[in-house]
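Visitor: pasting the structure only:
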């Protein structure tokens, strides 16, 4: 572990029509990368347009955040979909975000599946195949942000590069994976603790579980994720960035992080 840089990403563009989710304007001052909702679990064409334009203007990496067609459940409910439906739904959303990226002079850097779709893809082969088939077919240069599991494995089978994510505001179990949101410690509400955990996971590759045990994640932390709908996301992001700065960890884009890792590997 022990790399000297990490990407900081937040889920953005999750408002819809007259409903506002999160404070994207404030978050843009804290992140280096974005996961932008593509209109299925959240977002609409106007929101996507504004979000992409704001990210391009600030030099923030653009990421696609495809999810289930589930506006009511915010993409956090399991949808019984076929592999073909999942593949084409993801492909549709990539195309939608790419249209706005092109108009505003930007390019998509990565794909981070949202919510239930993303979490189940770590263990369900159908989801992992469908998502990575869509990404590889549309643009094999896109990175895939995920945790360890089948989605990472299927990405590598298709020669897609992977950026491993740590959910900075979520509680982790002794297996090194996030516990359900329904768990009493599913969300972390202490900004200072979020900052401490961020440094620990970048430097050591470990996290203290909800049971108080120090556990290995089993992968590097290339990306630290802040959920845009967390009630204290701005405080969390401010504390996280302050902790990284204090420890000399550079917050940068995901592609820069992976390039640094590749360079370090060549010199070993």
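Guide: Sure thing, it's come through. These numbers were taken from a predicted model, which means no experiment stands behind them.

Visitor: Paired strands for the top strand by length along the chain, with orientation please.
Guide: If you go by DSSP state E, the chain has its longest strand at strand 5-12. When sheet partners are counted by DSSP bridges, strand 5-12 sits next to strand 33-37 (parallel), strand 223-226 (parallel), strand 250-251 (parallel).

Visitor: So, low pLDDT: which residues of this structure?
Guide: Within the chain, the stretches with pLDDT under 70 are 1-3, 266-268.

Visitor: just the strands in the stretch 51-200 of the chain please.
Guide: Assigned by DSSP state E, counting those that start in this stretch, the stretch 51-200 of the chain shows strands spanning 62-65, 108-111, 143-146, 162-167.

Visitor: With mean neighbour count added, can I get the ones you listed in CSV?
Guide: Where you see a C-beta, it was placed from the backbone N, CA and C, and this is true even at glycine. CSV is the format used below for these (neighbours: other CB atoms under 10 Å):
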stretch, mean neighbour count
strand 62-65, 27
strand 108-111, 25
strand 143-146, 27
strand 162-167, 22
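
Visitor: among these, which is nearest residue 96?
Guide: Comparing these by their distance to residue 96 (CB to CB), the top pick is strand 62-65, with 8.7 Å.

Visitor: Quick check: which helices or strands does the closest one pack against?
Guide: strand 33-37, helix 45-58, helix 83-103, strand 108-111 (3 or more CB pairs under 8 Å, 6 or more residues apart in numbering; DSSP states H and E).

Visitor: Now do it: distance to the chain's middle.
Guide: 8 Å (CA atoms, centre = their mean, to the nearest Å).

Visitor: Tell me which strands it pairs with, and in which orientation.
Guide: Strand 62-65 has its sheet partners listed here by DSSP bridges as strand 33-37 (parallel), strand 108-111 (parallel).

Visitor: Skip the chain neighbours and tell me the closest residue to residue 194.
Guide: Excluding its sequence neighbours, the residue lying closest to residue 194 (CB to CB, 6 or more residues apart in numbering) is residue 236, at 4.9 Å.

Visitor: Kindly apply the preceding question to residue 191 instead.
Guide: With CB to CB, 6+ apart as the measure, residue 239 is the residue that lies nearest to residue 191, at 3.7 Å, once sequence neighbours are left out.

Visitor: Only the buried residues of the helix or strand hosting the one you found, if you could.
Guide: Element membership for residue 239 (DSSP states H and E) is helix 233-246. When burial is assessed from 16 or more other CB atoms under 10 Å, helix 233-246 yields the following buried residues: 233-234, 236-241, 243-244.

Visitor: Other residues contacting it?
Guide: Outside of helix 233-246, the residues within contact range by CB atoms under 8 Å, 6 or more residues apart in numbering are 6, 8, 10, 22-23, 26-27, 30-31, 168-169, 188, 191-192, 194-196, 198-199, 202, 224, 226-227, 230, 250-251.

Visitor: Quick one: work out the angle between it and strand 5-12.
Guide: Between the axis of helix 233-246 and that of strand 5-12 there is an angle of 170 degrees, by axes from the mean of the first three to the mean of the last three CA atoms, to 10 degrees.

Visitor: Distance from helix 233-246 to the middle of the chain?
Guide: 17 Å.

Visitor: Could you shift the numbering so residue one becomes 633, and keep it that way?
Guide: Happy to do that; since the first residue is 633 now, the last one works out to helix 865-878.

Visitor: What are the contacting residues of the helix or strand hosting residue 894?
Guide: With secondary structure defined by DSSP H and E, residue 894 is part of helix 886-899. Contacts made with helix 886-899 from outside it, assessed by CB under 8 Å, 6+ apart, are listed as 635-639, 641, 664-665, 693, 741-742, 775, 777, 793, 795, 852, 854-855.

Visitor: Noted, bye for now.
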